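[1] pasting the sequence and the predicted model now:
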Amino acid sequence: MATDTRPTAVTTASTLSSERLTALADGAVGGSDEPIDVTAPATTERIGRVPAAAAGDVARAVEAARESSAGSAWADRPARERAAVLDRFADRVTENRAELLDLLQLETGKSRRTAAEEILEVPMACQYLVGNGPAVMADERRAAAIPGLTTATVTYDPVGVVGVISPWNYPMTLAAADVLPALLAGNGVVLKPDEKTPYTALALAELLEAAGLPEGVLTVVTGRGEPAGPALVDHVDHVAFTGSTETGRAVAARAGRNLIDCSLELGGNNPLVVLADADLETAARGAVQACFSNAGQLCLSAERLYVVESVYDAFLEAFVRETDRLTLGTAYDYDADVGSLIDAAQLDRVRSHVDDARDRGATVETGGQHRPDVAPYCFEPTVLTGVEPDATVACTETFGPVVSVTPVADADAAVTAANDSPYGLNASVWCGDTAHGEAVARRIECGTVCVNDGILSGWGARDAPMGGVGDSGIGRRHGPEGIRRFLEPWTVSVSRVGPFTFPDRIPTGWIVSGSLAAASTVRHVSRNARAVTRRVKQAVTDRRRPRE
Ligand code: NAD
């Protein structure tokens, strides 16, 4: 009798088969390099093979995306028509969630609970884009040079072809976060997913086509970081990159040489601050979610916890207790909280950060162990205390389930510690008095800071920009900013009185002094008007304030 040699990682997923994975791989652009073996982190089995695009393949893919966009007149369709494709895509994601969940788990080793976050998130992203995108892209009247005599109108066109380079940790969410607004803006898109997680990207493209996206407007190029990544940057009109700070720098340098714009969503070493008046049980539960979702392989994850001294012991006790409650597993069910790390390199990185902290005198309050009994790359959620400020885990991003907890004197000291980092992506403040918490949040130098929530209230605020400063990147996704980065603004200005030149009959000196005097009068009047408005607003507020 023949032995079934198909990988168990595939056969145990109820919706997947080797044939289905091969059919998905057929949707990728052909590659001239040695094909890429894709592995299931949960078992280390090879689950399939995808083409590896060489530089020439990528160049041809970009050209084809350009031609398909032009041929289908994608950019010329009304914005509402393009939005309708995204609307239908959200339905397709919902209908196909079982297979998408299986695929996400298969190629990342994440728990099903974490995979479900991606499936819930993408239709929400579509909802925002469909509801708000067309207005963001509409023509705008801007303040004219000389009101009444001239006009200024801004129109927005797609930049052309957008290259999206996406990472392995949230292969659906993070590809969609760039691909969907770029398509909505009327661009052609070439998506290069991480070589470890190509199948989800291929499924996403398939579902977009099923939703009515013209063939070829979105192309998936599967390829190794090099040469496929740099080749993409060399041929597209904008590159949207999500990944490590190191690669992000290389992408930015190349984009700079090519004089194309780029948006970079990079790493983080995110702080979480617990103030003295926080509800400690809520803060502990929230911190566990903020630290260990997707086994900490989340750019927005908290890795440095600063707790005001007076509540440090009580918070630590609750946080360790809640961390110990987390369950580990990679099965295709909703039982486990935390799944596997992505590969052996990530496991080595996590282990080395814990060992380094321990060697410098840190205490492992819980976790700290590799758990091959659960999955080959599984590592326990780990809480460290007594971490030296120059320990690797304190200064750099671990991107794994390892966090440090440090006492600080007060809110000011917490802000100083939180800001002592080259990164600036995400942070959270836990408190009782939310007005004070918000004031503290405003002093933390991160693109997004949540109060009494770790991540989701910030990420889920679709209308608000999201992104990092410093080593965490350039540009913003979400909100109007997340759409406009994929558009070229053009200004058309009309003069109703012909050209503005110095008239011949009046001495130029008079014109210069007259114009400057007029401008000064306008500034003076505006200043006074603003002061009056301020006083009126203050009077209204005072009248509304309840009497003592
Ligand atoms: P990485 O930079 O190695 O890879 C990311 C992507 O870049 C992959 O598709 C890869 O193939 C491609 N790539 C590799 N070399 C390239 C090159 N020279 N030119 C162009 N593209 C190239 O990232 P990683 O280490 O696999 O991913 C983890 C990192 O991503 C973490 O640092 C994490 O913080 C970051 N990340 C950030 C966000 C965010 O939104 N800020 C989200 C997820 C992950």
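    Great, that's in hand.
[2] show the contacting residues for the closest residue to residue 468 other than its chain neighbours.
    With C-beta to C-beta, 6 or more residues apart in numbering as the criterion, residue 468 has its nearest non-adjacent residue at 3.9 Å, and that residue is residue 425. (Each C-beta comes from the backbone N, C-alpha and C, glycine too.) Neighbouring residues of residue 425 by C-beta atoms under 8 Å, 6 or more residues apart in numbering: 266-268, 270, 299-300, 446-448, 467-468, 472-473.
[3] 10 Å - rerun?
    265-270, 299-301, 397, 446-448, 466-473 (C-beta atoms under 10 Å, 6 or more residues apart in numbering).
[4] in a helix, residue 130, correct?
    Yes - assessed with DSSP: H, G, I helix; E, B strand; the rest coil, residue 130 lies in a helix.
[5] ok, now how distant is it from residue 186?
    According to C-beta to C-beta, to the nearest Å, residue 130 stands 15 Å off from residue 186.
[6] flag every residue of the stretch 151-300 of the chain that's near the ligand.
    165-169, 174, 192, 194-195, 225-226, 229-230, 242-244, 247, 250-251, 265-268, 299 (C-beta under 6 Å from any ligand atom).
[7] okay, now the residue in the stretch 351-500 of the chain positioned nearest to the ligand: neighbour count?
    Minimum separation of the stretch 351-500 of the chain from the ligand (C-beta to the nearest ligand atom) falls at residue 399, amounting to 5.0 Å. Other residues near residue 399 come to 25 when the count uses other C-beta atoms under 10 Å.
[8] distance from the chain centre to stretch 332-349, please.
    Stretch 332-349 sits 21 Å away from the centroid of its parent chain (C-alpha atoms, centre = their mean, to the nearest Å).
[9] er, stretch 471-486 I mean
    Here the centre of stretch 471-486 is set off from its chain's centre by 9 Å, with C-alpha atoms, centre = their mean.
[10] CA atoms of it as PDB?
    The C-alpha coordinates for stretch 471-486 follow below in PDB (Å, rounded to 0.1, in the frame of the first residue of the first chain):
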ATOM      1  CA  ASP A 471      13.500  54.100  13.300                       C
ATOM      2  CA  SER A 472       9.800  53.000  13.000                       C
ATOM      3  CA  GLY A 473       9.300  54.500   9.600                       C
ATOM      4  CA  ILE A 474       8.000  57.200   7.300                       C
ATOM      5  CA  GLY A 475       4.500  57.900   6.200                       C
ATOM      6  CA  ARG A 476       1.100  56.800   7.500                       C
ATOM      7  CA  ARG A 477      -1.400  54.200   6.600                       C
ATOM      8  CA  HIS A 478      -5.100  54.500   7.500                       C
ATOM      9  CA  GLY A 479      -7.200  57.700   7.300                       C
ATOM     10  CA  PRO A 480      -7.100  60.100   4.300                       C
ATOM     11  CA  GLU A 481      -3.300  60.100   4.700                       C
ATOM     12  CA  GLY A 482      -3.200  56.300   3.900                       C
ATOM     13  CA  ILE A 483      -5.100  56.900   0.600                       C
ATOM     14  CA  ARG A 484      -3.400  60.100  -0.500                       C
ATOM     15  CA  ARG A 485       0.100  58.600  -0.400                       C
ATOM     16  CA  PHE A 486      -1.000  56.600  -3.500                       C
END
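[11] which ones are touching the spatially closest residue to residue 88 that is not a sequence neighbour?
    Leaving aside its sequence neighbours, residue 88 sits nearest to residue 211 (C-beta to C-beta, 6+ apart; 3.8 Å). For residue 211, the contacting residues are 84, 85, 86, 87, 88, 89, 90, 91, 92, 93, 126, by C-beta under 10 Å, 6+ apart.
[12] state the pLDDT value of the spatially closest residue to residue 97 that is not a sequence neighbour.
    Of all residues not flanking residue 97 in the chain, residue 119 sits nearest, at 4.9 Å (C-beta to C-beta, 6+ apart). What the model reports for residue 119 is a pLDDT of 95.
[13] and the residue nearest to residue 333 when sequence neighbours are not counted, what is it in contact with?
    Leaving aside its sequence neighbours, residue 333 sits nearest to residue 112 (C-beta to C-beta, 6+ apart; 6.0 Å). Residue 112 makes contact with 101-102, 104-105, 119, 329-336, 339, according to C-beta under 10 Å, 6+ apart.
[14] tell me which residues in the host helix or strand of residue 347 are buried?
    According to DSSP states H and E, residue 347 maps onto helix 344-359. For helix 344-359, a neighbour-count test (16 or more other C-beta atoms under 10 Å) marks 346, 347, 349, 350, 351, 353, 354, 356, 357, 358 as buried.
[15] what do you get for stretch 133-140?
    Buried residues in stretch 133-140 (16+ other C-beta under 10 Å): 133, 134, 136, 137.
[16] tell me which two of those residues sit farthest apart.
    134 and 136 (7.3 Å; C-beta to C-beta).
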